[in-house]
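Student: Just need the structure, nothing else, for what follows:
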Amino acid sequence: MTQIQVEQYSSLLAEKVERIQQQFTSFGIPSLQVFESEPEHFRLRAEFKIWHDGDRCFHAMFERGSNNQPIEITDFPIASKAITDLMPKLLSAINENQTLKHRLFQVEYLNTLSGDMLVTMIYHRQLDEEWINAATALKEALGINIIGRAKKMKLLLDKDHVIEEINVDGLQLKYKQIEGGFTQPNGKMNINMLTWARACVEGSKAFDLLELYCGNGNFSIAMADKFRRVFATEISKTSVYAALDNKQMNGLENVNFARVSAEEFTGHMNGVKKRRRLKDMQLEDANFGTVLVDPPRSGLDQDSCEMISHYPNIVYISCNPDTLEENLKTLTKTHTIERFALFDQFPYTHHVECGVYLVLKEK
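Tutor: So this is what the prediction gives:
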């Protein structure tokens, strides 16, 4: 595991910028917009194995390919300040309580910019009333939410989520982020991404937005005021439930969510196989001016890529430049790249998040 060197952040980011510019030079991309991260305390999620050494246990990580040579983690500067402050306090309390410590093998932290904190403690044993009492006392002492997990067991002491509250372009937005569900780990970079996407679609109020891979509604909620209506799809049941709660929390009436995959939506729109979950969304009345996609690392399948190429404007958020490059080979046949952004979501790693805004070519 590589030690974080904060003083190297600028040079590491410069290497990423150079790599992306070189990789996409054949597309004639416009000037690259670069959004740099804070060099420390940017990550709102962290998980650690718990290693037991005699009567003591500690947070541990391992070199790739090794699971029996733990590296004790006493400082984790990429995590939020709230997580780094909590880690030694939580560990001290666990080490002082045999019930909390016994067969604990992993701890996961989920934090928000607005200060909510959820800790999941995962065990190689079934949890009982004694554990509930000890964990409840720990929850009250530290002012956090706790979940206990074991094989086929999930114990909530209060709730299974945190509530994020952020300001985007003057809008106060709330998001439910469920334990185990996907959320953007770099909270401030997520605000940059939302702000950038909103700027791309300025002047779209008379049109509708289609979003594929919407997750918990991260973009849908933030983009809703820019469009007449928003139609968003996501395959994860947990994420769709969170998205529906987020719609309600933000008082939105013009956003609709459907639990279907991008491939299923494409098949529905192409008439290959109609999906019951989409029949009530009145898609035939939609006037889609923009499609937004935020696919997994595998990118868009070819059918979905060709399907979205029929829309006037495309906002493509990518977590994998290689699959983005492949998809752009299709999309640039019909569209021109108007904006290209690099979001340094994961400092000190090879990973790069990109944003591309494409506009339909004039015939």
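Student: Now do the buried residues in stretch 15-23.
Tutor: Across stretch 15-23, burial judged by 16 or more other Cβ atoms under 10 Å covers 16, 20, 23. (Each C-beta comes from the backbone N, C-alpha and C, glycine too.)
Student: Repeat that for stretch 53-71.
Tutor: So for stretch 53-71, counting by 16+ other Cβ under 10 Å, buried means 57-60, 70.
Student: my guess is Val230 contacts Asn256, does it?
Tutor: Yes. In this structure, Val230 is within contact of Asn256 by Cβ atoms under 8 Å, at 7.0 Å.
Student: Compare these two (neighbour count), which wins?
Tutor: Val230 (26 against 21; other Cβ atoms under 10 Å).
Student: where does the stretch 1-150 of the chain dip in pLDDT?
Tutor: 1-3 (pLDDT under 70).
Student: rerun that using 80 as the cut-off
Tutor: Where the stretch 1-150 of the chain drops to pLDDT under 80, the residues are 1-4, 64-68.
Student: For it, just list every one of the strands.
Tutor: Remark: strands assigned in the stretch 1-150 of the chain by DSSP state E, counting those that start in this stretch are 33-35, 45-53, 56-61, 71-72, 104-111, 117-123, 145-150.
Student: got it, and the stretch 251-363 of the chain?
Tutor: For the stretch 251-363 of the chain, the strands defined by DSSP E, counting those that start in this stretch occupy 255-258, 288-293, 313-318, 335-343, 353-360.
Student: Out of those strands, flag the one nearest Ser220.
Tutor: With Cβ to Cβ as the criterion, Ser220 lies closest to strand 255-258 of the strands of the stretch 251-363 of the chain, at 5.5 Å.
Student: Parallel or antiparallel, list what pairs with the closest one.
Tutor: Using DSSP bridges, the strands paired with strand 255-258 in its sheet are strand 229-233 (parallel).
Student: can you list the residues that contact the partner strand?
Tutor: 208-214, 217, 220, 223-224, 243, 254-262, 264-265, 281, 283, 286, 288 (Cβ atoms under 8 Å, 6 or more residues apart in numbering).
Student: and those residues, which are buried?
Tutor: Buried by 16+ other Cβ under 10 Å: 208-214, 217, 220, 223-224, 243, 255-262, 264-265, 281, 283, 286, 288, out of the contacts of strand 229-233.
Student: just to revisit the earlier point, looking at the strands of the stretch 1-150 of the chain, spot the one closest to Met307.
Tutor: Closest to Met307 of these is strand 33-35 (Cβ to Cβ; 27.1 Å).
Student: Partner strands of the closest one, with direction?
Tutor: Strand pairing for strand 33-35, determined by DSSP bridges: strand 335-343 (parallel).
Student: between the partner strand and strand 353-360, how big is the angle?
Tutor: Strand 335-343 and strand 353-360 meet at an angle of 160 degrees, taking axes from the mean of the first three to the mean of the last three Cα atoms, to 10 degrees as the criterion.
Student: just the angle between strand 335-343 and strand 313-318, please?
Tutor: Interaxial angle, strand 335-343 versus strand 313-318 (the same axes, to 10 degrees): 40 degrees.
Student: average pLDDT across strand 335-343?
Tutor: Averaging pLDDT along strand 335-343 gives 98.
Student: Alpha carbons of that strand, as PDB, please.
Tutor: Provided in PDB are the C-alpha atoms of strand 335-343 (Å, rounded to 0.1, in the frame of the first residue of the first chain):
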ATOM      1  CA  HIS A 335     -22.300  14.500 -32.300                       C
ATOM      2  CA  THR A 336     -19.600  17.100 -31.700                       C
ATOM      3  CA  ILE A 337     -17.800  17.300 -28.400                       C
ATOM      4  CA  GLU A 338     -18.500  20.700 -27.000                       C
ATOM      5  CA  ARG A 339     -17.100  20.300 -23.400                       C
ATOM      6  CA  PHE A 340     -14.600  17.900 -21.800                       C
ATOM      7  CA  ALA A 341     -13.900  17.900 -18.100                       C
ATOM      8  CA  LEU A 342     -11.600  15.900 -15.800                       C
ATOM      9  CA  PHE A 343     -12.900  15.500 -12.200                       C
END
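Student: all helices of this structure, in order?
Tutor: 9-23, 81-95, 98-101, 129-142, 187-200, 218-223, 237-249, 262-269, 276-279, 302-308, 321-331 (DSSP state H).
Student: Any chance of TSV for these, columns distance to Glu179?
Tutor: Conversion of these to TSV gives the following (distance: least, Cβ to Cβ, whole Å):
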stretch	distance to Glu179
helix 9-23	30
helix 81-95	15
helix 98-101	18
helix 129-142	14
helix 187-200	16
helix 218-223	17
helix 237-249	9
helix 262-269	25
helix 276-279	25
helix 302-308	29
helix 321-331	28
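Student: closest one to Tyr175 among those helices?
Tutor: Shortest distance between Tyr175 and the helices of the chain, using Cβ to Cβ, is found for helix 237-249: 5.3 Å.
Student: Test my guess that Leu127 contacts Ile147.
Tutor: No. Contact between Leu127 and Ile147 fails when scored by Cβ under 8 Å: they sit 10.4 Å apart.
Student: Now for these two: what residues contact both?
Tutor: Joint contacts of Leu127 and Ile147 (Cβ under 8 Å, 6+ apart) are Leu155.
Student: of the two, who's got more company?
Tutor: The residue with more neighbours, out of Leu127 and Ile147, is Ile147; 22 against 19, by other Cβ under 10 Å.
Student: Ignoring the adjacent residues along the chain, who's closest to Lys159?
Tutor: Spatial nearest neighbour of Lys159, chain neighbours left out: Asn145 (5.8 Å); criterion: Cβ to Cβ, 6 or more residues apart in numbering.
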